[in-house]
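Student: Structure for this input, please:
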Amino acid sequence: MNQKKVVVGMSGGVDSSVAAFLLKEQGYEVIGVTMRLWQENAEIEETGKECCSLSAVSDARRVADKLGIPFYVMNFGEEFKRDVVDYFVKEYLQGRTPNPCIACNRYVKWEALLHRSMEIGADYIATGHYARITKRANGRFSITESKTAKKDQTYALYNLTQEQLAHTLMPVGEYTKDEIRDIAEHIGLRVANKPDSQEICFIPDHDYAGFIERMAGGQAPPCGNFVTAEGQILGAHKGITHYTIGQRKGLNLAMGRPVFVTEIRPDTNEVVIGEPKDVFSREFLADRINYMGVEHIENGMRFLTKIRYAHKGAMAALYQEADRIRFVFDEPQRAVTPGQAVVFYDGNCVAGGGTIIK
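Tutor: Numbers count the residues shown, from 1 in each chain. The predicted model follows:
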């Protein structure tokens, strides 16, 4: 029998480890690969908590040995620096709040890994994401929600292409997190109870502004003014990279009432401050649209729409405007943030998504 070959991206965590086990049990020829992404940061090597640490590589190698599958480490540092880190820094410098994990999924964990896996004769790549891939009645592949809504990761995968989806397996999407941990414990994997990583892997200390300042080589925007929407100066800010839409904490403004960041103006180096009601928006524009479960939209079509990972989603009507889409919510939503992804769903399937611009 000619076995199908699958390269599993192994982070050293329980999800990708069990993904490799499940695929082997299903009869695939499984190869484990850990991606080396961000070697420049010595802190990552010391903490051992992130997906690109030396500890993660060791954990993944031990799992591969336990499962009896080949294991390799592949270096994608150049792609990660160009498509994730540089993008992250550039977006913040322009007053936007990016999601680096989405860029990493699209351009590194899929595009780069898939290309290299095909070069070594693989039929598929696989990950430990809590999502499923389905082929819809219209013939298009789509990411659909996993068995457990609690761990659903479809939002971060909206930007994958049809070609990538056709060559991807996601076995973990059929299970809950507890079931995955039970499987790992049953087969004797040491990572069965390993905690999930919560931080951006290349900024383990959570100091985004400090990282951006270091990476920008002194080009980070200087201090500027907090202003009202009408331009009244309220005080001084530390630099626009320290702020995001909807932020209340860390403003150090003695206003006598809660106030929030409502807009970031990179051209004038101003951070706009407003009242709670000013953080809510009913409509916005998005570009860089990736159609997934649908090939296009008709004006006025309605979808459940998410504007950030933790957003529960709200119904919106969509309108095509050249290469952009205007989203109009039924009810105003809080903190619609330029740079973040918007993902719209047809039932439990990802119909498409894009990047919020204003």
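Student: Please make it C-alpha for all contacts and neighbour counts, starting now.
Tutor: OK.
Student: List the contacts of Tyr124.
Tutor: Counting by C-alpha atoms under 8 Å, 6 or more residues apart in numbering, Tyr124 makes contact with 4-7, 114, 117-118, 167-169.
Student: With distance to Gln26 and pLDDT added, can I get the residues you listed in JSON lines?
Tutor: JSON lines is the format used below for the contacts of Tyr124 (distance: C-alpha to C-alpha, whole Å; pLDDT from 0 to 100):
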{"residue": "Lys4", "distance to Gln26": "10", "pLDDT": "95"}
{"residue": "Lys5", "distance to Gln26": "12", "pLDDT": "96"}
{"residue": "Val6", "distance to Gln26": "11", "pLDDT": "97"}
{"residue": "Val7", "distance to Gln26": "14", "pLDDT": "97"}
{"residue": "Leu114", "distance to Gln26": "21", "pLDDT": "93"}
{"residue": "Ser117", "distance to Gln26": "20", "pLDDT": "94"}
{"residue": "Met118", "distance to Gln26": "21", "pLDDT": "92"}
{"residue": "His167", "distance to Gln26": "16", "pLDDT": "96"}
{"residue": "Thr168", "distance to Gln26": "15", "pLDDT": "97"}
{"residue": "Leu169", "distance to Gln26": "12", "pLDDT": "97"}
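Student: Scan those residues and report the most crowded one.
Tutor: Counting neighbours by other C-alpha atoms under 10 Å, the top entry in the contacts of Tyr124 is Val7, with 31 neighbours.
Student: you'd agree it is up against Glu119?
Tutor: No - because the distance of 11.3 Å does not satisfy C-alpha atoms under 8 Å, Val7 is recorded as not touching Glu119.
Student: Out of the contacts of Tyr124, which comes closest to Phe284?
Tutor: Relative to Phe284, the closest of the contacts of Tyr124 is Thr168; by C-alpha to C-alpha it sits at 32.3 Å.
Student: Report the beta-bridge partners for that closest one.
Tutor: Taking DSSP bridges as the rule, Thr168 bridges to Ile125.
Student: residues touching it, list them.
Tutor: Thr168 makes contact with 124-126, 133, according to C-alpha under 8 Å, 6+ apart.
Student: buried subset of these?
Tutor: 124-126, 133 (16 or more other C-alpha atoms under 10 Å).
Student: which residues in the chain form helices?
Tutor: 14-25, 42-47, 54-67, 77-80, 86-93, 100-104, 113-119, 162-166, 177-186, 208-215 (DSSP state H).
Student: pLDDT value on Lys109, please?
Tutor: Predicted confidence (pLDDT) for Lys109: 88.
Student: Low-confidence stretches in this protein?
Tutor: 1-2, 39-54, 149-150, 198-199 (pLDDT under 70).
Student: Asn193 - nearest residue in space that isn't next to it in sequence?
Tutor: Leaving aside its chain neighbours, Asn193 sits nearest to Arg181 (6.6 Å; criterion: C-alpha to C-alpha, 6 or more residues apart in numbering).
Student: wouldn't that neighbour be in contact with Val14 here?
Tutor: Yes - counting by C-alpha under 8 Å, Val14 is a contact partner of Arg181 at 6.9 Å.
Student: Overlap in contacts, the two.
Tutor: Common neighbours of Arg181 and Val14 (C-alpha under 8 Å, 6+ apart) are 192-193.
Student: who's more crowded, the two?
Tutor: Val14 (27 against 19).
Student: Roughly how far does the more buried one sit from Arg288?
Tutor: 33 Å (C-alpha to C-alpha, to the nearest Å).
Student: repeat for Arg96
Tutor: Taking C-alpha to C-alpha, one finds Arg96 at 15 Å from Arg288.
Student: of the two, who's got more company?
Tutor: Neighbour comparison, Arg96 and Arg288: the larger count goes to Arg96, with 27 against 15 (by other C-alpha under 10 Å).
Student: tell me the phi and psi of that one?
Tutor: The phi and psi values for Arg96, taken as degrees, to the nearest 10, are phi -110, psi 170.
Student: returning to that earlier point: need the winner for burial among the helices of the chain.
Tutor: By mean neighbour count, with neighbours taken as mean count of other C-alpha atoms under 10 Å, helix 14-25 ranks first of the helices of the chain at a mean of 23.
Student: and the closest residue to Val259 other than its chain neighbours, what is it in contact with?
Tutor: Excluding the flanking residues, the one nearest Val259 by C-alpha to C-alpha, 6+ apart is Glu275, at 5.2 Å. Listed by C-alpha under 8 Å, 6+ apart, the contact partners of Glu275 are 258-260.
Student: Neighbour count and distance to Ser142 for those - can I get that in CSV?
Tutor: As requested, the contacts of Glu275 are arranged in CSV below (neighbours: other C-alpha atoms under 10 Å; distance: C-alpha to C-alpha, whole Å):
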residue, neighbour count, distance to Ser142
Pro258, 12, 42
Val259, 21, 40
Phe260, 22, 37
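Student: Of those residues, just say which sits nearest to Arg214.
Tutor: Phe260 (27.1 Å).
Student: The nearest residue to that closest one once chain neighbours are set aside - how many residues pack around it?
Tutor: Closest residue to Phe260 apart from its sequence neighbours, by C-alpha to C-alpha, 6+ apart: Arg248 at 4.7 Å. For Arg248, the neighbour count with other C-alpha under 10 Å is 17.
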